[in-house]
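Enquirer: Need the 3D shape of this:
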Amino acid sequence: MMRRAIAALFAFSLLLQITTAQAEAKKEFKVCWSIYVGWMPWGQIQESGLMKKWADKYGILVEIVQINDYVESINQYTAGAYDGCSMTNMDALSIPAGGGIDTTALIVGDYSNGNDGIVLKGKDKLEDIKGQSVNLVELSVSHYLLARALDTVGLTEKDITVVNTSDADMIAAYSTPDVTSVVTWNPLLSEIAGMPDSSPVFDSGAIPGEIIDAMMVNTETLKDNPDFGKALVGAWYEMMDIMSKDDDAGKEARTAMAKASGTDLAGYDAQLATTQMFYTPAEAVKFTKSEALPKTMTFVAEFLFEHGILGEGAPSADYVGVAYPGGVTTGDENNVKLHYDTTYMEMAADGAL
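Expert: Coordinates of the predicted model:
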């Protein structure tokens, strides 16, 4: 009798799970992105019709939306307004994952190799930043880059004053006489560095592989809707194949991305030169499976904890668990909220989409 009761309970539980899964399955999805050299392809994927092509293949609808304020885009994703969002590894760990939103790095697109940097006005050495007010998007990768840079010259954040500034306001702020130091990313970085009396003094090329750019998606949404992941990944790598070539189609695609980011083809190509793009899924899979990634994320978690932004009330840098391919985990294995999952990128590599 007890066994039948347990079996009946199990059957009911299974039925409930199936019903719930069916209820969570959906046909319409939204992802968002903001202006950055490595994320410009998302706008072109939408405008060119590639997203519709791949969404149609799986019988779904996927809308790709540009949001001008980077942090706001992550906040909206975290609040559930979007199913996915382009963001860095650090921001994914601190905002959605640290806030309890289980998130998966669906596409690891690139890492910054000079696209994030520090610019001083009227000074030309990093040491000159001491005593200055530094404008940046507080608690973003710019903040992380600043901390890493200060450490190289024996300084700490106590030696400067951080001024929180939206990326949407960065150029206007730097144009004022009072702002003499900024930390930002391309295309803003290139424009600011080109202004009179401006000197780049440190960039992410000094810490390669640490500032990673990805399309992050809600883990549960991906689990319940694998076609969503397939469509996004398929569209992305078709665009990577197009834009990586120097033929007419490649130049046309990059020119459109350049125009959308406020520059020309030469300017955009210059930004790509300081970005380690993973144009093929095989490259992305190799990087994501590397032994270096868990080490990088541990370093990032320590930075976030030291700044009090690794989740509310985080007791240590290990508060949020991060899972990697091969069963590797850093942080709390009982609180894994960020996943590096190569499943869909491997499908693309194998031609299985």
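
Enquirer: Tell me which stretches of this protein form strands.
Expert: 28-33, 61-66, 84-88, 103-112, 116-121, 133-136, 161-164, 181-185, 198-203, 212-218, 275-277, 321-323, 329-330, 336-340 (DSSP state E).

Enquirer: so what strands line up beside the third one?
Expert: Strands flanking strand 84-88 in the sheet, each with its direction: strand 28-33 (parallel), strand 212-218 (antiparallel) (DSSP bridges).

Enquirer: For residue 343, give me the pLDDT.
Expert: Note on residue 343: pLDDT of 98.

Enquirer: And it, how close does it get to residue 335?
Expert: Look at residue 343 and residue 335: by CB to CB, to the nearest Å, they are 22 Å apart. Where C-beta positions appear, they are placed from N, C-alpha and C, glycine not excepted.

Enquirer: give me every residue that touches the residue nearest to the spatial centre of the chain.
Expert: Against the mean C-alpha coordinate of the chain, by CA atoms, centre = their mean, the closest residue is residue 87 at 2.2 Å. Residue 87 sits next to 70, 73-74, 77, 95, 213-214, 216 when contact means CB atoms under 8 Å, 6 or more residues apart in numbering.

Enquirer: So which of those residues is the closest to residue 177?
Expert: Of all the contacts of residue 87, residue 177 sits closest to residue 70, with 26.1 Å by CB to CB.

Enquirer: In contact with residue 119, which residues?
Expert: The contact partners of residue 119, by CB under 8 Å, 6+ apart, come to 174, 181-184, 189, 192-193, 198-201.

Enquirer: Repeat the analysis, applying 7 Å as the threshold.
Expert: By CB atoms under 7 Å, 6 or more residues apart in numbering, the contact list for residue 119 reads 182, 192-193, 198-200.

Enquirer: and if you look at residue 140?
Expert: Taking CB under 7 Å, 6+ apart, we find residue 140 in contact with 71, 91.

Enquirer: Look up how far residue 152 lies from it.
Expert: Residue 140 is 20 Å from residue 152, by CB to CB.

Enquirer: Residue 81 now?
Expert: As judged by CB to CB, residue 81 and residue 152 stand 39 Å apart.

Enquirer: do residue 272 as well
Expert: 26 Å.

Enquirer: More neighbours: the two, which one.
Expert: More crowded of residue 272 and residue 152, by other CB atoms under 10 Å: residue 272, with 21 against 12.

Enquirer: so the more buried one touches residue 37, yeah?
Expert: Yes. Between residue 272 and residue 37 there is a contact under CB atoms under 7 Å: 6.2 Å.

Enquirer: What is the neighbour count of the spatially closest residue to residue 305 that is not a sequence neighbour?
Expert: In space, and not counting its chain neighbours, residue 305 is closest to residue 317: 3.9 Å by CB to CB, 6 or more residues apart in numbering. Neighbour count of residue 317, defined by other CB under 10 Å: 18.

Enquirer: what does residue 172 give?
Expert: By other CB under 10 Å, 11 other residues sit near residue 172.

Enquirer: Can you convert the strands of the chain into JSON lines and add a column each for mean pLDDT and distance to residue 248?
Expert: Formatted as JSON lines, the strands of the chain follow (pLDDT from 0 to 100; distance: least, CB to CB, whole Å):
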{"stretch": "strand 28-33", "mean pLDDT": "98", "distance to residue 248": "25"}
{"stretch": "strand 61-66", "mean pLDDT": "98", "distance to residue 248": "24"}
{"stretch": "strand 84-88", "mean pLDDT": "97", "distance to residue 248": "27"}
{"stretch": "strand 103-112", "mean pLDDT": "97", "distance to residue 248": "24"}
{"stretch": "strand 116-121", "mean pLDDT": "96", "distance to residue 248": "32"}
{"stretch": "strand 133-136", "mean pLDDT": "97", "distance to residue 248": "39"}
{"stretch": "strand 161-164", "mean pLDDT": "96", "distance to residue 248": "43"}
{"stretch": "strand 181-185", "mean pLDDT": "95", "distance to residue 248": "29"}
{"stretch": "strand 198-203", "mean pLDDT": "97", "distance to residue 248": "32"}
{"stretch": "strand 212-218", "mean pLDDT": "97", "distance to residue 248": "27"}
{"stretch": "strand 275-277", "mean pLDDT": "96", "distance to residue 248": "20"}
{"stretch": "strand 321-323", "mean pLDDT": "98", "distance to residue 248": "42"}
{"stretch": "strand 329-330", "mean pLDDT": "98", "distance to residue 248": "45"}
{"stretch": "strand 336-340", "mean pLDDT": "98", "distance to residue 248": "36"}
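
Enquirer: Can you say which of those is nearest to residue 302?
Expert: Nearest to residue 302 among those is strand 329-330; the distance by CB to CB comes to 10.7 Å.
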